[in-house]
Every structure is written in C-alpha cells, then in structure tokens.
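K.L.:
here you go, sequence then predicted model.
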Number of protein chains: 2
Amino acid sequence: MDARVDSVTVNGRRYARPQQPVVVVCVDGCEPDYVTQAIQAGVAPYLERMVEKGASVVGDCVVPSFTNPNNVSIVTGVPPSVHGICGNYFYDVDSGREVMMNDPAWLRVPTLLAAFADSGAKVAAITAKDKLRTLLGHGLQGICFSAEKADKASVAECGIDGVLELVGKPVPSVYSADLSEFVFAAGVRLLETRPLDLMYLSTTDYVQHKCAPGTPEANAFYQMMDGYLARLDALGAVIGLTADHGMSAKTDAAGRPRVLYLQQVLDGLLGEGQARVILPITDPYVVHHGALGSYATVHLPSAEAIARARAAIEALPGIDVVLSREQAASRFELPPERIGDLVIVSDHLTVLGTSEHKHDLSGLTVPLRSHGGLSEQKVPLLFNRPLQGVPATRRLRNFDVFDLALNHVAVNR
Amino acid sequence: MDARVDSVTVNGRRYARPQQPVVVVCVDGCEPDYVTQAIQAGVAPYLERMVEKGASVVGDCVVPSFTNPNNVSIVTGVPPSVHGICGNYFYDVDSGREVMMNDPAWLRVPTLLAAFADSGAKVAAITAKDKLRTLLGHGLQGICFSAEKADKASVAECGIDGVLELVGKPVPSVYSADLSEFVFAAGVRLLETRPLDLMYLSTTDYVQHKCAPGTPEANAFYQMMDGYLARLDALGAVIGLTADHGMSAKTDAAGRPRVLYLQQVLDGLLGEGQARVILPITDPYVVHHGALGSYATVHLPSAEAIARARAAIEALPGIDVVLSREQAASRFELPPERIGDLVIVSDHLTVLGTSEHKHDLSGLTVPLRSHGGLSEQKVPLLFNRPLQGVPATRRLRNFDVFDLALNHVAVNR
C-alpha cells in the first residue's frame, strides 16, 4: 500500500494504514465457548498462545444475530441502520414482494475493503458461501471469491482464477466443515503467494449449527482452524478474529426443537393472512436450521392489529422481547422501513417459525442449534497482539474488529 | 398412604394422592442441553426412552436462578414471595446483619413433603449438600438426610440411620460427582427396601459448574444418572425430573471469567461503603464458582444514590437488566423486604462480584460456568409418563413439577 496514505476514512470511521498484513476472520456462529472448550481440550494450541500473548474480549453483534447483517456490519464498520442490510431476507413494502437481500442494490454504503483498495491497498476477501460474496465484494478492486464457487472464480469477476490449483483442494460441499476449511486454506495460500495489506475471511456455521462447544466434532473444527491461524501468524499477519453471531441449543432436553409458529398464531388471532410474518434467517441454504431462528418481524394491517398481535405474542411462553418498529430500529440500530410493525425475539431455547407445514425439518439430523436473538449477541474478539487505547467501559461490537485490528493493536513500527 | 386421603392441599395447591411411588428429581444446574447431548452421545438410553414414552417440556425456574430459592420453591410449590427464601444469603435489614438463609426460621410456609407426611404418606428427601437438608426437611415426619453427612444420619434427626451400610458406599467428597451419585444410589436403595409414596432427590452442580454439555465428563455424569433413573423406573416409580437452574459459560473465548465487581464500581461512584452489594449465591461451598453468579442486589442509602447507582450500572457492558426493588419483587415474585433497593442481572457470559480481593478464584481450575440470571432460567421438565390436561399456553415452572407428577401424569389406576 502506498506509504503516503496514512489512513482511510469510510462511513465516518478512520482506519490506519496496515503496517503489515492484517487478516480479519469472521467465524460464523462462534459462540465464545467453542474456543474456550477447544483450548480446554488441548486441541487449539495456537489459539491458547494467541489469547495469552494477544487480547481477548467479548463484543456484541448486531441483532438480528444473523450472518448477512453482521458480515456487512463488519466490512462497513456501521450498523444496519446505516448500511441497510438487516437480514438475509425482507419484505419490500414498496414492491409488495419478499426478497433476498444479498443483492448489493440493497447496500447503502461502501465497504472499508473497497475503500482501502481504492486507496491502493492490496485487498482480498474469501467467503464460504457464495451468497455473501457479492455483498462483501461490492465495489472491491481486489480479490473476492467464495469457497462454494471456487472453481468458477475468474479474474474478471473475482480478481483471481485457478483457485483450486492454488489451494490444492477440490470444491467442497456447501454443507460441510470443508467449506470453511477451504476459506482458511485459501487465505494462507494467498498470503504465501502475493503481497496483501488486508484480508477478510468469512466461514460458515455448518458445524456450529450441529455440534455443541466441546464436543468432538466442534473441537475438530477448531483444531483445523487453529492450524491455519498459526500459519497466518507465521506469515507475519496481524489477526483479528470475531463472529457474526453466537449459537444456542434451540431444543428441549429431549432434543426436540422448540418452535413458535407465529403465522399460525396470528392467523388464528386476526384471520388468515392478515399478518405477514417474515423470518429474516431465510436463505437458499436452510437444510441445517430449517429457516428457524430466534428473530422474526411482522407486518400488520392496522394499529389495532399491531396492539392485539403484540399482546398475544408477549403472552406466549418462549418469547424474550417484542418491540415496535420504532423501538426495534432504535435499540438494534435497524433501518425502520425494512422491518415490520413488530420485531419479535425468542428466548435462548426457542425459535420462531411461520407455519408448521412451511418448515422442512427433515434435514435436522441432530438437535437444532440456531441463533438470531439477543441470546446469541455475544461474540469473541480475539487478537494476536495486545490491544491499546481501548477503555474498559467501551461497548465493543463485532463491527469494531477492523478498527481494533488497524488502530488499536500494538504493532512494532 | 391412607387410601381414604384423596388429596393434600398445601400453600393453596391441591395434589392428588400418589397411586404408586412418585420420585421427583432436581438435577442441580441441569441446563437442558446436558440431557440432549448425553442422549446424542448415546450414553443415556433410559433418558432417551423416558422422553420418547413420557413427556419433555421446558419450564422457568425462579430468578435468582440459584439453588436454595428453587429447591424451596419446588418442595413448597410457590415462589419466593410466598415462601421467603430468595437466596442462599441475604442482608437482614432489621438486624443489620448479612445472614445465610438455610435456617428454616426464614421459611414462611410448610413444604408439600411435610404436608403429605402429615396426611399419612411415606416420604423421603435426600439432598447432596447438607445446607439444603434443614430447609427441605423442615417439619417432615419421614426420612431426610444429605449425602454429605450420610454417616451422621440418625433416626432422631433424619428418620433413618445406617445409611452408608444401606447404600454400600463411603461418604463422598463434597466437591465431587460422587456426592450426587450417592443421592441417586440412596434413593434406589430406599425404594428397594421400604414402601414409599413420595421421594425428593436433589443433587449438586459440581459437574455442571465445571463441564459443558456434551463433554466427556458431563456425559459421564448423565450416564451415571441414567442408570439410577432406569432402576427407579423398574421399581415402578413415576419420575418427574427438573432442575433448580440452568448453567452458562461465564468467560470470554479465552476462558477467563467475565466479572463486574459491583462494590468497586459503586464505591468509586458513591464513596467507600455507601452501597452494600449482596451476592445471594454466597454459601459455604464456593470453591467451584468463587461466589460469582449473574445476580446481585444492592442496598443504598438514599433515593438519589439509588438513581445514580442504577444509571451507572445500566451503562456497564455485561449487564442484562437492572430493576428497582418493586420491579424485581413483582417480575421475579420475590419478598421485597428481603432484597435490596436494586436487583442486577448480568448477561449470559458475565458474573457479578463485590470487590476483586474478596473473591478467591484459585479454585477455578477450569473456565467458570455459573448461573443466577435470566439466561439460566430455562430448565427441563421430564416425566416417564405422558402428561395430560396441561394447556400448551400454560407457563410451566420448575416448582410445578410435583403438580405435574401427581396431578397430570397418565397413571394406570
């Protein structure tokens, strides 16, 4: 990166020029206990060293604690009220259509990745699933590809080709731990083979949706990750690690999913189809969670319907909090015009559905674990260098990770 | 039990006469996922059968989600606002002393165990730790002893002697999984050797404070429990299983405890000793949690101090909710005169302390797991028979377990 550029300011935040490669890792669904348990089990020696010599704090992610709003917050440094992406999926009142939000048309601000690249930095972003690639890579003059479509990466579209040859691995299954491993492996190979100033690696929570912290399969995932992080460190990278959201068991003790089917409840209360329940977790990859998360938003036809729906939902066992559009927009920093009249958050063991017949739970081969609510808001913020100049009273967010990694790690200059 | 007695009414609730032995088990710190993960790991075949043939729901425990208030609620069928026990420990404003609440003098109502015994039922209660014995056994004409002091049990005090010989095990260490195993083993031996109508078994959360759900040590505990439950079932018992509270990791990803030292914060704000921070988790056995839980109450000298303290605490990262005495008494059903001016609940990864030097964390050989807050309010309610006559909209509490086991299980009559 041009040594004359001291810093880059984007979306109102100033980021110092990287003095050495800075790698930010977003580990999808990384409830802090996954790391704790892997260290306890002795399978994550690098992470143990990293937090001993570096820094470990806990931050808050964006609610809804879903993948897209949080990944976009991380790469823009701002909440959804500014960047516009408040779910994987929303109801566009203007067009009267339910639409996916992975089209950059919905993104209202540039990413810091694009801004750094525009300032001359060498930037790369690798995602597990392709759904995030277009959002994270929007406007980015650099490398940006997904593990899912690594074989399709072209210089024209992704700033790189021959990814499979570079990494030496085949295209992994979209439902596998391998999809995330490919992200790490590719990140290491990129850093080994070219000068990079800034790299963003974003995994998928396939394993976290299936396995509790400390179980053999979860530990195996973190053991895999540990090895790649050690290699990134050995290559001289400053590493900042966070998560898009945490993860909770969403079942009773028998392992059965605890689901509140809100559309059914509201159809019974207000009449068929009067309420429109939107589950912003919905995306094309629902096998591992059945589109069941702990956050929903509801569009309603009248003030009276809003009041009746609110009272009825608040009385349901399993509800954490019900907020009006205005309350939710203020508390969670969401764009009010892209959420419904009510926002509903369920408790740490409960998920929200529309109607029973609309959720295919046949893919749930193990007890449901999911996210979306306040109970999954706490995420790790780990750095392989000590932090400096961060007051203990500052409420840290996962989308402060680039600020912390670029402006607050102790670097030998 | 006398067949002419149809039911027993105590503390405003009616309980049907047991038709066969009814055993209620309170598994201390049993976050539902412990059971789920043990079943998943294949080490709990009886629990798997039990929930398949019987019933599994989730209920809310009492907040503060601590052992004493919840065990007392379970055996009285009422919340702390009625029975008076709102912690292990409290500040008695009348005497100006901080006192343990395990003296039955603080208990305001009879237990249902005592009421059944008074109606002619054969009743037994076995606790892990002796601290609970005097509360649970208050007024009970029957058997009541602790595993901790099993060797000291006498007919005069406990309604039984020769417990070690009966069980065939030595007195276990108070800090061990064996302490809970002794409770189960003794329960099985009692049921094998004498007619019993009603039995209450209450374990200790030594294992749950140390081990996450699904880890080998946790699974070993539930495997042990599974075997004894199968034997109780084979002896013809109706089994109802619940927990006093759940359990959460209370650390960052590095496994370091996240502690807010409230006395230090308030001393800095208001001057030394102006605020009195009470941690109702405090009891004589603090090695495994260092007296750190997610609930605290604070006594303050003036309305102005209350307002200032509240604002300061609400702004701290890691706080879930701060309530006034009246709000807390109403929301959590607590006796207002036995709590402070403020009630503070921290988030699922955070615990509350007084001052750093007052907490001995040297016993924390593994990352802290604890409870006390709203994040540990969800507990399992498992039965080895189907439930009937329980509306889906009813908010179930752990202290409904005797009602459910006696009034709502499908029994062959």
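P.N.:
Okay, I see it.
K.L.:
quick one: secondary structure of A:Ala312?
P.N.:
Recorded secondary structure, A:Ala312: helix (DSSP: H, G, I helix; E, B strand; the rest coil).
K.L.:
how about A:Gly389?
P.N.:
In the three-state summary, A:Gly389 is assigned as coil, counting by three-state DSSP.
K.L.:
how about A:Leu352?
P.N.:
Secondary structure assignment for A:Leu352 (three-state DSSP): strand.
K.L.:
and it, what does it touch?
P.N.:
A:259-260, A:262, A:277, A:279, A:292-296, A:344, A:346, A:372 (C-beta atoms under 8 Å, 6 or more residues apart in numbering or on different chains). Yep, even glycine has a C-beta here, placed from its N, CA and C like the rest.
K.L.:
got any ranges where the stretch 151-300 of chain A has weak pLDDT?
P.N.:
Within the stretch 151-300 of chain A, the ranges that satisfy pLDDT under 70 run A:284-288.
K.L.:
quick check: residues of the stretch 151-300 of chain A near chain B?
P.N.:
The stretch 151-300 of chain A has residues A:211-215, A:249, A:251-256, A:258 near chain B, with proximity defined as C-beta under 8 Å from any C-beta of the partner chain.
K.L.:
pretty sure A:Asp341 is touching A:Pro301, no?
P.N.:
No. In terms of C-beta atoms under 8 Å, A:Asp341 does not count as a neighbour of A:Pro301; the distance is 9.1 Å.
K.L.:
those two - which one has more neighbours?
P.N.:
For A:Asp341 and A:Pro301, the more surrounded residue by other C-beta atoms under 10 Å in any protein chain shown is A:Asp341, and the numbers stand at 21 against 14.
K.L.:
give me phi/psi at A:Leu47?
P.N.:
Dihedral angles phi and psi of A:Leu47 (degrees, to the nearest 10) take the values phi -60, psi -40.
K.L.:
how is chain A divided into domains?
P.N.:
What the record gives for chain A is the domain set A:7-247+A:373-408, A:258-367, from automatic domain parsing.
K.L.:
return the set of buried residues in the longest helix along chain A.
P.N.:
Looking across chain A with DSSP state H, the single longest helix is helix A:216-234. Applying a neighbour-count criterion of 16 or more other C-beta atoms under 10 Å in any protein chain shown, the buried positions in helix A:216-234 are A:218-233.
K.L.:
and the next helix or strand past it?
P.N.:
On the C-terminal side of helix A:216-234, the closest following helix or strand by DSSP states H and E is strand A:238-242.
K.L.:
and that next one, what other elements does it pack with?
P.N.:
The helices and strands touching strand A:238-242, judged by 3 or more C-beta pairs under 8 Å, 6 or more residues apart in numbering or on different chains; DSSP states H and E, are strand A:22-26, helix A:216-234, strand A:378-383, helix A:401-403.
K.L.:
nearest to B:Asn88, of the ones you listed?
P.N.:
strand A:378-383 (26.7 Å; C-beta to C-beta).
K.L.:
in PDB, could you pull the C-alpha coordinates for that closest one?
P.N.:
Taking Å, rounded to 0.1, in the frame of the first residue of the first chain, the C-alpha atoms of strand A:378-383 are listed here in PDB:
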ATOM      1  CA  LYS A 378     -22.100 -12.100  22.500                       C
ATOM      2  CA  VAL A 379     -19.200 -12.900  20.200                       C
ATOM      3  CA  PRO A 380     -15.500 -13.200  20.700                       C
ATOM      4  CA  LEU A 381     -13.000 -10.600  19.700                       C
ATOM      5  CA  LEU A 382      -9.500 -12.100  19.700                       C
ATOM      6  CA  PHE A 383      -6.200 -10.600  18.500                       C
END
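K.L.:
that strand to strand A:22-26, inter-axis angle?
P.N.:
Angle of strand A:378-383 versus strand A:22-26, following axes from the mean of the first three to the mean of the last three C-alpha atoms, to 10 degrees, is 160 degrees.
K.L.:
buried residues in the helix or strand hosting A:Ser81, which are they?
P.N.:
Here A:Ser81, judged by DSSP H and E, is contained in helix A:80-83. Of all the residues in helix A:80-83, those buried under the rule 16+ other C-beta under 10 Å are A:Pro80, A:Ser81, A:His83.
K.L.:
list the contacts of A:Val401.
P.N.:
A:Val24, A:Cys26, A:Gly59, A:Ile74, A:Gly240, A:Leu241, A:Thr242, A:Leu381.
K.L.:
which ones are touching the third one?
P.N.:
Right, A:Gly59. With contact taken as C-beta under 8 Å, 6+ apart, A:Gly59 is in contact with A:Thr242, A:Lys378, A:Val379, A:Pro380, A:Leu381, A:Leu396, A:Arg397, A:Asn398, A:Asp400, A:Val401.
K.L.:
how about 10 Å then?
P.N.:
Contacts for A:Gly59 (C-beta atoms under 10 Å, 6 or more residues apart in numbering or on different chains) come out as A:32, A:242-243, A:377-381, A:394-401, A:404, B:252, B:317.
K.L.:
residues from the stretch 301-413 of chain A in reach of chain B?
P.N.:
For the stretch 301-413 of chain A, the residues found near chain B under the criterion C-beta under 10 Å from any C-beta of the partner chain are A:315-318, A:320, A:347-350, A:366-369, A:374-382, A:392-396.
K.L.:
keep only those of those that are in strands.
P.N.:
Among those, DSSP state E puts A:Asp320, A:Thr350, A:Arg369, A:Lys378, A:Val379, A:Pro380, A:Leu381, A:Leu382 in strands.
K.L.:
so what does the longest helix of chain A touch, helix or strand wise?
P.N.:
Helices and strands touching helix A:216-234, by 3 or more C-beta pairs under 10 Å, 6 or more residues apart in numbering or on different chains; DSSP states H and E, are strand A:22-26, helix A:32-40, helix A:45-53, helix A:177-193, strand A:198-202, helix A:206-210, strand A:238-242.
K.L.:
so which of the ones you listed is nearest B:Lys149?
P.N.:
helix A:32-40 (32.9 Å).
K.L.:
can you tell me the average pLDDT over that closest one?
P.N.:
Along helix A:32-40, the predicted local confidence has a mean pLDDT of 98.
K.L.:
hmm, that helix touching chain B?
P.N.:
Yes. Helix A:32-40 comes into contact with chain B when judged by C-beta under 10 Å from any C-beta, the residues involved being A:Pro32, A:Asp33, A:Tyr34, A:Val35, A:Thr36, A:Gln37, A:Ala38, A:Ile39, A:Gln40.
K.L.:
ok, and the closest non-adjacent residue to the fifth one?
P.N.:
So the one you mean is A:Thr36. In space, not counting the residues next to it along the chain, A:Thr36 is nearest to B:Gly255; the distance is 4.2 Å by C-beta to C-beta, 6 or more residues apart in numbering or on different chains.
K.L.:
test my guess that that neighbour contacts A:Tyr34.
P.N.:
No. The pair B:Gly255 and A:Tyr34 fails to qualify as a contact (C-beta atoms under 10 Å) at a distance of 11.4 Å.
K.L.:
would you point out the most distant pair within the contacts of A:Val401?
P.N.:
Spatially, the most separated pair among the contacts of A:Val401 is A:Val24 and A:Gly59, at 13.0 Å (C-beta to C-beta).
K.L.:
any shared contact partners between these two?
P.N.:
Shared contacts of A:Val24 and A:Gly59, counting by C-beta under 10 Å, 6+ apart, come down to A:Thr242, A:Val401, A:Leu404.
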